[in-house]
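**Q** Fold the stuff below for me.
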Amino acid sequence: CVGKVCKSTSSGDFKILKYNDYGNVEIQFINTGFETIATLGNIKNGNVKDRYLPSVYGVGIIGTKYPSEVNRVKTKEYVLWTSMLRRCYSDDFKKKKPTYEGCQVSENFKSYEYFYEWCHKQFGFSNKDWHLDKDLLIKGNKVYSESTCVFIPQEINQVLVKRESMRGEHLIGVYWHKKSKAFVAMVSKTKGKREYLGLFNTEIEAYNAYKVAKESFVKEQAEKWKDKIDERAYNALMKYTVEITD
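**A** Down below sits the predicted model:
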């Protein structure tokens, strides 16, 4: 059977390189060149998988270097990686979260091996409740990549979340108060706590009050976390601006 080309039920054609015994047959997948060991029984029924074929949400390549789970528990790296791919390539997810429409993952990040190694070089990756963020370094960014992503603490992430699904018809940070017949400005701070900024005659006045308060609070967060976060994140927080189109 050496040299014979067989079919996998999930990963395309593979070639038998060497037969050692029934439980140790060396094979190579045609499309990727990936070599592995399989049993003769699995070869006959096609139950062999190419670990370097895009198999997660149609784009993610798992590879062989790092585990996806330890003691039946998914690793932190694998959960982050698959969650990122799901946001970008799951139609069902994007129907629930339309803000992720158009988002993509870089070619490097489609590799679990590359993503795993990248994570271990980043500030904050090992910290509990820190988030992988793609929007802070480049506002409005739609691509997850090594140059656009950074880990930030949950406290900062909550400050930056816009909660667009809860927004009304008015500018960000503003709503109309019927009883007072005036515009109210409020800003979210630590743990989602909202701070009242006052009543205003016009929507733009209320928005400007929100803008000043929001930008000031973001800079406070930058200084608070300065020595604990990536320098890129600190610089982005210090330059953070609220736009009227937000």
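
**Q** element containing the closest residue to K191 other than its chain neighbours?
**A** Excluding the flanking residues, the one nearest K191 by C-beta to C-beta, 6 or more residues apart in numbering is Q158, at 6.8 Å. From N, CA and C alone the C-beta is placed, and that goes for glycine too. Element membership for Q158 (DSSP states H and E) is helix 154-160.

**Q** And that helix, what's buried?
**A** Under the neighbour-count criterion of 16 or more other C-beta atoms under 10 Å, helix 154-160 has I156, N157, Q158, V159, L160 buried.

**Q** out of those residues, who's nearest M186?
**A** Proximity of the buried residues of helix 154-160 to M186 (C-beta to C-beta) peaks at V159, which lies at 13.8 Å.

**Q** dump the residue contacts of the closest one.
**A** S188, K189, T190, F217, V218, Q221 (C-beta atoms under 8 Å, 6 or more residues apart in numbering).

**Q** could those be laid out in TSV, adding pLDDT?
**A** Shown next, in TSV, are the contacts of V159 (pLDDT from 0 to 100):
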residue	pLDDT
S188	88
K189	85
T190	77
F217	95
V218	95
Q221	95
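
**Q** Just the CA atoms of the lowest-mean-pLDDT helix or strand in the chain, as CSV, please.
**A** Lowest on mean pLDDT, DSSP states H and E among the helices and strands of the chain sits helix 154-160, with a mean of 90. In CSV, the C-alpha atoms belonging to helix 154-160 read as follows (Å, rounded to 0.1, in the frame of the first residue of the first chain):
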residue,chain,number,x,y,z
GLN,A,154,-11.9,44.9,31.8
GLU,A,155,-12.2,48.2,33.6
ILE,A,156,-10.8,50.1,30.5
ASN,A,157,-12.7,47.9,28.1
GLN,A,158,-16.0,48.8,29.8
VAL,A,159,-15.2,52.5,29.5
LEU,A,160,-14.6,52.2,25.7
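
**Q** Adjacent strands (with direction) for the helix or strand following that helix?
**A** As assigned by DSSP H and E, the chain's next helix or strand after helix 154-160 is strand 174-177. Partner strands and pairing direction for strand 174-177 (DSSP bridges) are strand 182-188 (antiparallel).

**Q** Could you list the buried residues of the strand it pairs with?
**A** So strand 182-188, judged by 16+ other C-beta under 10 Å, has buried residues F183, V184, A185, M186, V187, S188.

**Q** do stretch 214-225 as well
**A** Within stretch 214-225, the residues that count as buried by 16+ other C-beta under 10 Å are K214, E215, F217, V218, Q221, A222, W225.

**Q** Likewise for stretch 68-81?
**A** Across stretch 68-81, burial judged by 16+ other C-beta under 10 Å covers S68, E77, Y78, L80, W81.

**Q** In this structure the last one contacts Y114, no?
**A** This means W81. No - with contact defined as C-beta atoms under 8 Å, W81 does not reach Y114; the gap is 9.8 Å.

**Q** Tell me where the model's unsure across the protein.
**A** Applying pLDDT under 70 to the chain flags residues 163-167.

**Q** Please repeat the previous calculation with a cut-off of 50.
**A** Residues of the chain meeting the criterion pLDDT under 50: none.

**Q** quick one: the helices in it?
**A** 40-45, 76-89, 91-96, 112-119, 154-160, 203-224, 231-238 (DSSP state H).

**Q** N141 is nearest to which of those helices?
**A** Using C-beta to C-beta, those put helix 231-238 closest to N141, at 10.9 Å.

**Q** now for that closest one, which elements pack on it?
**A** strand 150-153, helix 203-224 (3 or more C-beta pairs under 8 Å, 6 or more residues apart in numbering; DSSP states H and E).

**Q** can you tell me which residues contact N45?
**A** Under the criterion of C-beta under 8 Å, 6+ apart, the contact list for N45 reads T9.
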